[in-house]
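S.K.: Any chance you can model this:
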Amino acid sequence: MNQDFERYTEADHRMWQLLFERQMKQLPQIASQAYLEGISKVGFVAGHIPHFERETNPALRALTGWEVYVVPGLIPHREFYTHLYNRQFPATSWLRKPEQIDYLEEPDMFHDTFGHVPLLSNRSFCDFMAHLSEVALKHIDHEEILQRISRLYWYTVEFGLIRENGDLKIYGGGIISSSGESRYCLRSDIPKIDFDLALVLDTPYHIDRYQDHYFVIDSYNQLYESVTGLEPLLEAYLAQQA
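M.R.: Predicted structure coming up:
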């Protein structure tokens, strides 16, 4: 598929601008510095939807060797992890309508692109996703193992927090792209848990409401290095099930 940029209407560009400006009123104070720097590195602006082939992908390829790969929507595990292994981030090209501004049943282009792409400018984060996908592809026919890997992806790439200079910041794309959860996740009464790989793999998540708790990393390098311990934990889990 391709983005088919010319099909976007003025209403689509206005929706992008509305969502972009709404988030940028709060993200400079609460988002990871790597994400904020990534916005300008990949060329995102309020005035128009990013053009993947003319703007976004040339910037990403120069920075980390990654690119945005257009998909129609949610895709099977094998296809998803194969794209990540090949350093292609799957992203939809459709944008929500006004009546969907605060809730979608599945991710749209604003979530996939604004939420995730700026952090693809960070090499340690990108290497984490590539290594994670390599492990996933080794176990692609084992549903219980994929479920545990999905938990790691969920609590980091989608809903992760990071400590920067002693402060909690957000970096997960599911939070970054959500006006409400951006504020909710940092509330003092919402549990924050130090990142522990074994605990993350054992912790189920839900997709239809804000998270009950969030895992906090100390650096993106910590996240990348954690994947070296992933396969031993998965093998131990398989041994317990045998």
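
S.K.: correct me, but residue 108 touches residue 93?
M.R.: No: using C-beta atoms under 8 Å as the test, residue 108 is too far from residue 93 to be in contact (9.0 Å). C-betas here are computed from N, CA, C, even on glycine.

S.K.: Tell me the secondary structure of residue 74, please.
M.R.: Three-state call for residue 74 (DSSP: H, G, I helix; E, B strand; the rest coil): coil.

S.K.: Would you mind measuring from it to residue 162?
M.R.: 26 Å (C-beta to C-beta, to the nearest Å).

S.K.: Show the contacting residues for residue 30.
M.R.: Neighbour list for residue 30: 169, 170, 182, 186 [criterion: C-beta atoms under 8 Å, 6 or more residues apart in numbering].

S.K.: Can you give me the neighbour number for the residue nearest to the first one when sequence neighbours are not counted?
M.R.: Distance criterion C-beta to C-beta, 6 or more residues apart in numbering; nearest residue to residue 169, sequence neighbours excluded, is residue 32 at 4.5 Å. Applying other C-beta atoms under 10 Å, we find 26 residues neighbouring residue 32.

S.K.: Look at residue 32 and report its pLDDT.
M.R.: Note on residue 32: pLDDT of 98.

S.K.: if we can go back for a sec, quick one: which of residue 74 and residue 162 has more around it?
M.R.: residue 162 (25 against 11).

S.K.: Do I have it right that the more buried one meets residue 221?
M.R.: No: counting by C-beta under 8 Å, residue 162 does not reach residue 221; the two are 11.1 Å apart.

S.K.: pLDDT weak spots in the chain?
M.R.: Where the chain drops to pLDDT under 70, the residues are 242.
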